[in-house]
Structure formats: C-alpha cells, structure tokens
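Engineer: Predicted model and sequence follow; I will ask about them next.
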Amino acid sequence: MTNEKFGRKSVFLAAVLIVALGAASAQTTSPLSTQSITIAGSPTNIRPGHVLVRFKATAGQDVLNQLNTAFGAKLVGTIREIGVMHLQAPPERTLRLVAHLRNRPDVEFAEFDSVAQAILKPNDPYYSSALSSSHSGSVDQWGPPAVSAPTAWNSTLGDRNIVIAIVDTGVDDTHPDLAPKIVGEYSYVGKGKTKDGFGHGTHVAGIAAAATNNHIGIAGMCPNCGILSVKVLNDQGSGYMSDVASGIAYAASQGARVINLSLGGANRTETLHAALDYALAHNALPVCAMGNNGASFALEPAYWHDCLSVIATDQNGARASFSNYGVKADVAAPGVAILSTMPTYPVTLNSYGYYENYDALSGTSMATPMVSGIAGLVLSKNPNLTALQLRGILEASAGDGTSWTPALAFGIVDASKAVAAAVNSANVAPSLNWISPVEGTSVAGLITFQAAPSTSVHHIDFVKDGSRFLQVLTGRSGSTWSESWSSTSVFNGPLTLSVSAVDVFGNTVPQDLDLSVQNNLVTQTGTANLCWPSTTSCPHTIWQPVTTGVATAAATHLHGTVTYGTLTNTNYQDFWLQVGTVTKSAGVSNVVLYFCGMPTTTVDCYPDPGFILLQPGKNSANYSGGQIDLISPNKNPSSGSATINWTLTYPQ
C-alpha cells in the first residue's frame, strides 16, 4: 500500500485563501460558491526539486551515485544531528525520486522540503507609558502584567546562563535593548548573514528577553536570560523546513534551554519532528506558535506534541480572532498589539508601515515568546528541571490550574505561579490507573476512555505518531475521568496510543494502549474524462458530491486509476485524487481539501485525519474527485486527455 503522505501537495503558511467556485452538480470542477478555503493540499508551495530523506543506516557514496544516475539527485546538505540528507534533483523528477526512496527498505522516511514563514498579523521608558504605534494606536506593554510577570520578577529576573534561542529571521544585534543580551548568532540563510532584514525575529526576541531596568525602551519577559539568534527565514519572512530543522538542532546543540518557534507551515514533516525530538533529548523545550488562520488546527511545528503550542489572546483574555486553537494547543498568552523591539535600520516590515526601533505587532508569533520568556524565568529559578518538567509546570500553572478547553487550552500562562512551582523537587510519575477500553480489544462507533488516576495527576494526554490525538482529559481528584471518542475518525486497523498521566510538575511515564478499530465501511465510486489544458466541457479537475450520509466525522481511503489518451508534447504526467469537506456557520462556508498523488497510474492513500475528516450534519457537505497534471519538456504547452476511476471509502 502506498504511503498516503507521499502525494500530499504542500501548502504555504498562509493557508486561507479566497476563491470563486460555482454551484455544485453531480460532477463539477467547482463544488461551492465563493468562500474562505483552508487547503490541506495544493499543487504548489513545496520547494521545487528538494527532497529530505533519512536512511536507516548512513547511505554510502554508491547509493548517492545510483540516485544521481537514475534521478539526477545530488546531495546538497546534511542535518547531521538528526541524520537527514538534503537532496536536490530536477523538479520534474522529484515525485518519482520520493516514490523510489519510500519504497526502499533502507529508508526510514522521505519527503519534500516545504515552506515555513514567520507568523504575525501584519495589519494589525514604554512599559508603563504608551507608545503611538503604527497600526494599533497608543499602546503600552499590557502583556507582562496580564501574565503576572511583575510578581515573578520579584523572585527572579532570569539568568544569562539560561539561553532562549530565537529561531526566526535573525535579531538586530545593535539594538540597545538587545545587544547586551545576545550570546551567539548563526544563519542558515546565507553564510554569515545573521542580520534581521525582515524585522520579525527582532520583535520576538524583545518580547522574550529584552534588557530591563536600563532606562531604555521595553521590558523583556526574562530580562537577564541570554538570546541565541538562529536565522532560518529570509528577509521576506519565509524559508524552508529543512533550515528550520537545522536551526532547532543547532540551538539544542549549543545549549539553549528554550527554543522559540514563531513560525510555521502547513506540511507535516518527519524531518522537523526528528529535530524537535532531538531538542527534547538535549533538554531544550520548543515553544511553538499555533498559527493565525483562526481555525481549529495547528501549523507545523505546533502540530507536534514535542512543542509547547501557544494560542494568542486579546486584552480581554479571550482567544484572539485570528489565533488557531484546538486539540493540539497547550497554553495561551497575550498576542494582540504587543509592543516590542524593531530593528534600528530599514527592514521589510517598514514597507508595511511598521516603525523602526519599537512598535506593536499582533499574532501567535507574539504570544509564543511571552511563554518562552516565562520558561526562561522558571529555569533560572531551577535550572535542574528537565524540559518535560518545565512543560508540565507551565501547563499546570496556566488558567485555573485544572481545566482544558479547545479555545484557550490550559489557559493563559501565569509567570508568578510558574516561577513559584519551579522549586519542585518531586520526580516520581503519578499512577494512571487505566480502566477502559481494555488493552488489545476491538472498538467501533462511539467509545469511552476512562481512568481513575491518582490524586497527583493534573491531566491525561493521548498521543499518536508524535501528535496529540484526543482532547486532554481532566477531572476531579479521586473521581473517574472519562471522555467519549468516535472511532470513525480513524480508519479501520490497529491503533496505538501513548497515554500519559501528567502531574503538576510534568512528571509522567507514558504507556501504550493498543486497540483495533473495526467499523462498517461505506464506499462510493466515480469516473470522469479529464483534459489538459482544462476546457468547459472537459476539465482537468473533477469533484463529485458524497451522496451517502456521513453519520459521524469519518476518516477516508482513496483509491483510483488513470488511463491516458493521446498526450502531446508531454514528458511527465501525474495523477491526483482529492477529498473535500464543506462546513457552514453563520452564513460563512469553510472548505478543507486534501490531495493524494502518484507518478504512476494508480493512487492508493489514506488522507491524514489531522487534516481532513468527512463531516456529518445538515450544515456540512463532502466531495471526492481527481485531477491530472501534464508537464512539457519545453516552452510549448502540453495537451492530452485521460479517464480516471476512483473509489472513496469511509467508516460509518
């Protein structure tokens, strides 16, 4: 069976688009009217010609020579710390290269390099007095008081030996509020080019750790913590996941205890997952921005459970309208009109109307360094804490200290409570006392997870393949904790969850729960004639409504074949299948699309439920379909036709 991630078409950070689509019919290229669309797959925005691969054992020169002969692939870089090779090949051959690598028994994973971008909301003596900002009016530093920083500062102002890595666009090392704080600089965007030409990294660094009590500018959350600047994004605020992964590994290797990641992309990459694992293994806590799509999903790297993932809040303590939220989120922090440092020289953000020296920005990018700075304070109080203990303290001290909600996760971080908890010396994991479902059983339909944890348990986490799988489970001490889950949200087959009972100090010992999901399956077939280029009577993309009702949110399986007719001026063609869901709320429609592709004539994939599930209800609609793409060997256009047949299967 083909790995479904192989053909997933990658997307940019800015995953919310406005497109015009016509009315639905039995078969149509345009399922919906004009609306906001969140795309989980797209033909563009991967890094053309660039592939990341990790072999199970170090690949020898003979293997690299074979790949060069067969695909024109050349080794252009290595992320040594996590054993990932960076290959470059002609763009039209990379789909086949990835297919070949994924079918090799000596390869652990292979994937496209993809785009990452700084996460901010660009339309949007200052601690106690207001600054006239460019976009947010007259603002002061309302964020630190909102997270009880002044009380925490009475206990500690931080320690220079606790280093916060700003993996971003670089940091202005001449800024008077930052220059004395920087302990190192490195760039993956041009050798030696550490200068922040965009402005984002400088703003993030100031929130986390600007100098304080120096009669200049603003106060940073961890005034005495060191700053390690690692540039992975260019002067337009954009870059590649390979560089982000390299930057994370570098920061951890250099001894950073906190790694701030106010950036993201829509892809899910094992390369970045491996880098985050490396960081935790080196006792560094990654802190990640959820993203600014205003939707219930997390951008990468916040998608991974290795990150402490951050929601942005406004001045009223509510989730900011732009902030992503949902099951992957951990804590919340102020992220609207946050005043901080800006480069002292012209940068790209100035072209958006932002000021030099100091200004206010909004975004989960701004909320994230608030949390990173508090993490620095906690470690300054107790540097012997592990990264996981640090995470647990930040979670347990947030909000009301007990509950978790999709909108704010554990709640707004509290610096005072977190620093007070840092003196913890307990390191014994609490008892989970699992009740049901029983290990090894088969489940179907709606099931209930139950545990009767020991009184020291703060919450129970469920993780699958490195990402939080279910909403965090909380409850009252001494009671039975329970949560319902629809098993149709995953496809039939074995399901292994890592279940963790976590105490208020982050102590835990995960245990595996092995289940077998066995639901009834529904199938629907489709066939269509497609043409390249597209015409009114013969499109290159087709959509078909799902006519059999969807009872509960359902995972999907797509299988299909293509038969090409006459192809003119074509040296390469690929075939994609696609599934889409539409939900309407308050008159606004939201569409999520997922694409699976293969360089062969058959596609067989299980779209990632983290991206897409068929949705039930009168306010939802679901679609499946396919498309072809032809590529010419020269500047003259390709043309051709094809017949596709596909089957959509989902649990009911």
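Structural biologist: Right, received. Where do you want to start?
Engineer: where along the stretch 301-450 of the chain do the helices fall?
Structural biologist: 364-381, 387-396, 415-421 (DSSP state H, counting those that start in this stretch).
Engineer: Sorry, wrong one. I was asking about the chain.
Structural biologist: With DSSP state H as the criterion, the chain has helices at 61-71, 94-103, 143-146, 149-153, 200-209, 241-253, 270-281, 364-381, 387-396, 415-421.
Engineer: For the stretch 101-250 of the chain, give me the ranges with low pLDDT.
Structural biologist: Across the stretch 101-250 of the chain, the ranges flagged by pLDDT under 70 are 119-129.
Engineer: Could you verify my assumption that residue 48 touches residue 94?
Structural biologist: Yes. Counting by C-beta atoms under 8 Å, residue 48 does reach residue 94; the two are 7.4 Å apart. Just so you know, the C-beta spots here come from the backbone N, C-alpha and C atoms, and that holds for glycine as well.
Engineer: of these two, who's got more company?
Structural biologist: residue 94 (24 against 14; other C-beta atoms under 10 Å).
Engineer: Thought residue 112 was touching that one, still the case?
Structural biologist: Yes. Using C-beta under 8 Å, residue 94 makes contact with residue 112 at a distance of 7.0 Å.
Engineer: between the two, what contacts are shared?
Structural biologist: Common neighbours of residue 94 and residue 112, using C-beta atoms under 8 Å, 6 or more residues apart in numbering, are 50, 51.
Engineer: quick one, what contacts residue 251?
Structural biologist: Residue 251 touches 165, 167, 228, 230, 259, 279, 284, counting by C-beta under 8 Å, 6+ apart.
Engineer: Among the residues you listed, which are located in strands?
Structural biologist: 165, 167, 228, 230, 259 (DSSP state E).
Engineer: What number of residues are in the vicinity of the second one?
Structural biologist: Look at residue 167: counted by other C-beta under 10 Å, it has 32 neighbours.
Engineer: Report the separation between it and residue 472.
Structural biologist: 26 Å (C-beta to C-beta, to the nearest Å).
Engineer: if I look at the spatially most central residue of the chain, how far off is residue 239?
Structural biologist: Central residue of the chain (C-alpha atoms, centre = their mean): residue 300, 1.7 Å from the mean position. To residue 239, residue 300 is 13 Å away according to C-beta to C-beta.
Engineer: Can you check which residues contact both of those two?
Structural biologist: By the contact definition C-beta under 8 Å, 6+ apart, residue 300 and residue 239 are jointly contacted by residue 116.
Engineer: quick one, what contacts residue 319?
Structural biologist: Counting by C-beta under 8 Å, 6+ apart, residue 319 touches 311, 312, 313, 325, 332, 407, 408.
Engineer: before we move on, the earlier item: quick check: pLDDT value at the residue nearest to the centre of the chain.
Structural biologist: On pLDDT, residue 300 comes in at 93.
Engineer: any idea how far the closest residue to it other than its chain neighbours lies from residue 328?
Structural biologist: Leaving aside its sequence neighbours, residue 300 sits nearest to residue 265 (C-beta to C-beta, 6 or more residues apart in numbering; 5.4 Å). Residue 265 sits at a distance of 15 Å from residue 328 (criterion: C-beta to C-beta).
Engineer: Show me the strands in the stretch 501-650 of the chain, by range?
Structural biologist: 511-517, 521-532, 541-545, 557-568, 572-585, 588-598, 602-605, 620-631, 639-651 (DSSP state E, counting those that start in this stretch).
Engineer: now do the stretch 351-500 of the chain
Structural biologist: Using DSSP E, counting those that start in this stretch, strands in the stretch 351-500 of the chain cover 358-361, 434-436, 442-443, 446-451, 457-464, 467-468, 481-486, 493-503.
Engineer: for the third one, packing partners?
Structural biologist: Contacts of strand 442-443 with other secondary structure elements, assessed using 3 or more C-beta pairs under 8 Å, 6 or more residues apart in numbering; DSSP states H and E, are made with strand 511-517.
Engineer: what's the residue nearest to residue 348 when sequence neighbours are not counted in contact with, if anything?
Structural biologist: Distances taken as C-beta to C-beta, 6+ apart put residue 198 closest to residue 348, at 4.7 Å, once the chain neighbours are dropped. Applying C-beta under 8 Å, 6+ apart to residue 198 gives the contacts 118, 169, 170, 233, 234, 235, 236, 237, 347, 348, 349.
Engineer: Please verify my assumption that the fifth one contacts residue 187.
Structural biologist: In this case it means residue 234. No. Contact criterion C-beta under 8 Å: residue 234 and residue 187 do not qualify, at 10.0 Å.
Engineer: Between the two, which has more neighbouring residues?
Structural biologist: Between residue 234 and residue 187, residue 234 has the larger neighbour count (other C-beta under 10 Å), namely 20 against 17.
Engineer: Pull up the gap between the residue nearest to the centre of the chain and residue 466, please.
Structural biologist: Distance from residue 300 to residue 466, by C-beta to C-beta: 11 Å.
Engineer: Can you add mean neighbour count and give the strands of the stretch 501-650 of the chain back as CSV?
Structural biologist: Listed next are the strands of the stretch 501-650 of the chain as CSV, based on neighbours: other C-beta atoms under 10 Å:
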stretch, mean neighbour count
strand 511-517, 15
strand 521-532, 17
strand 541-545, 22
strand 557-568, 17
strand 572-585, 21
strand 588-598, 21
strand 602-605, 20
strand 620-631, 23
strand 639-651, 20
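Engineer: Just name the most buried of the helices of the stretch 301-450 of the chain.
Structural biologist: For those, the largest average neighbour count (mean count of other C-beta atoms under 10 Å) is found in helix 364-381, namely a mean of 31.
Engineer: Convert it to CSV, retaining C-alpha atoms only.
Structural biologist: C-alpha atoms of helix 364-381 as CSV (Å, rounded to 0.1, in the frame of the first residue of the first chain):
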residue,chain,number,x,y,z
THR,A,364,0.6,33.9,17.7
SER,A,365,4.2,34.9,16.9
MET,A,366,4.0,37.5,19.7
ALA,A,367,2.2,35.2,22.2
THR,A,368,4.9,32.5,21.8
PRO,A,369,7.9,34.5,23.1
MET,A,370,5.8,35.5,26.1
VAL,A,371,5.7,31.9,27.0
SER,A,372,9.4,31.3,26.1
GLY,A,373,10.4,34.2,28.4
ILE,A,374,8.4,32.7,31.3
ALA,A,375,10.0,29.4,30.6
GLY,A,376,13.4,31.2,31.0
LEU,A,377,12.3,32.6,34.4
VAL,A,378,11.3,29.1,35.6
LEU,A,379,14.6,27.6,34.5
SER,A,380,16.5,30.5,36.1
LYS,A,381,14.9,29.6,39.4
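Engineer: what's the distance between it and the middle of its chain?
Structural biologist: The chain centre lies 19 Å from the centre of helix 364-381; the measure is C-alpha atoms, centre = their mean, to the nearest Å.
Engineer: Make 50 the first number, not 1, from now on.
Structural biologist: In the new numbering, first residue 50, that becomes helix 413-430.
Engineer: Buried residues in stretch 180-195, which are they?
Structural biologist: 180, 182, 183, 184, 185, 188, 189, 190, 191, 192, 193, 195 (16 or more other C-beta atoms under 10 Å).
Engineer: Contacts only, for the first one.
Structural biologist: If you count contacts by C-beta under 8 Å, 6+ apart, residue 180 has them with 187, 188, 189, 388, 407, 408, 409.
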